[in-house]
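My questions are about this predicted structure, shown below with the sequence.
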Amino acid sequence: MFGLLLKGFILGFSVSAPIGPIGVLCVRRTAADGFTAGWAVGLGATAADSLYAAVAALGLTAVASSLVAWEKPLRLIAAVILFSLAWRAAQPREPDRPVSDRRGGFMGGFASGFAILITNPAAILIFGAVFAGVGLVGNQGTTRAAAAIVVGVVLGSQAWWVLLNGVVSILRKQLRARAFRVINVSSAVILVAFGVLALLG
């Protein structure tokens, strides 16, 4: 069982590590609001990842097929979310204001991370393909084994987000007001680019 947990951990870490819209959003929120704000986004992403990993690990093909069938409207929703986040990122803001005073706060960050990933049903195909490739389905596809895999994915995903936000949080102390503005504008441009990619499929 430990082997399945370790494989899930490696998978969760490696799936989360590539810098996509979630990574950009984490960096921006951590730079502006501190570790907790950025970690909230990563926690939301982990929640979405764990749901898709559970579906793939349990072999729920009917659920997976239904989600993939809704890929186009979900991509449209994802694009709207990304454009909205880009707009907010581009707005002037004071980096030293407490997180509790900012719109959305912790739950807003969590919801953003969850919404961006849950509207990408292609992720379930990635988990399914990787699980099959490393022998995490089939004769090992029991509920207990699936649970071990999903727990590993959650731990691996969180390890990456804690590492990323921890590093940015440390570097944040060296940043000045102009640097915050550059980060916000750059994040907005990148989020718009990801939104366009979501629309193009």
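Perfect, thanks for sending it.

ok, residue 87 - how many residues close by?
Counted with other C-beta atoms under 10 Å, residues neighbouring residue 87 total 12. For the C-beta atoms, the positions are set from N, CA and C on the backbone; glycine is no exception.

That one contacts residue 189, doesn't it?
No: in this structure residue 87 lies outside contact range of residue 189 using C-beta atoms under 8 Å: 11.7 Å.

Do you know the pLDDT at residue 156?
Residue 156 is assigned a predicted lDDT (pLDDT) of 90.

burial measure for the closest residue to residue 189 other than its chain neighbours, as a count.
Closest residue to residue 189 apart from its sequence neighbours, by C-beta to C-beta, 6 or more residues apart in numbering: residue 86 at 7.6 Å. Applying other C-beta under 10 Å, we find 23 residues neighbouring residue 86.

what's the distance between residue 86 and residue 58?
Distance from residue 86 to residue 58, counting by C-beta to C-beta, to the nearest Å: 35 Å.

Likewise for residue 79?
30 Å.

repeat for residue 115
Going from residue 115 to residue 58 by C-beta to C-beta gives 23 Å.

tell me which strands and helices the longest helix seen in the chain is in contact with?
In the chain, taking DSSP state H as the definition, the longest helix is helix 143-172. With contacts taken as 3 or more C-beta pairs under 8 Å, 6 or more residues apart in numbering; DSSP states H and E, helix 143-172 sits against helix 2-16, helix 21-33, helix 35-57.

Out of these, the one nearest residue 127 is which?
With C-beta to C-beta as the criterion, residue 127 lies closest to helix 35-57 of those, at 3.8 Å.

how much does that closest one deviate in direction from helix 2-16?
In terms of direction (axes from the mean of the first three to the mean of the last three C-alpha atoms, to 10 degrees), helix 35-57 departs from helix 2-16 by 120 degrees.

Number of residues surrounding residue 115?
Count around residue 115 with other C-beta under 10 Å applied: 19.

Was I right to think residue 161 contacts residue 16?
Yes: assessed by C-beta under 8 Å, residue 161 is found in contact with residue 16 at 6.6 Å.

on that earlier part again, among the helices and strands packed on helix 143-172, which is nearest residue 119?
helix 35-57 (8.8 Å).

right, and the helix or strand after the helix or strand containing residue 79?
Element membership for residue 79 (DSSP states H and E) is helix 71-90. Next helix or strand after helix 71-90 toward the C-terminus (DSSP H and E): helix 105-118.

so how far is residue 8 from residue 50?
10 Å.

who touches residue 77 in this structure?
115, 119 (C-beta atoms under 8 Å, 6 or more residues apart in numbering).

Please report the distance of it from residue 84.
If you go by C-beta to C-beta, the gap between residue 77 and residue 84 works out to 11 Å.
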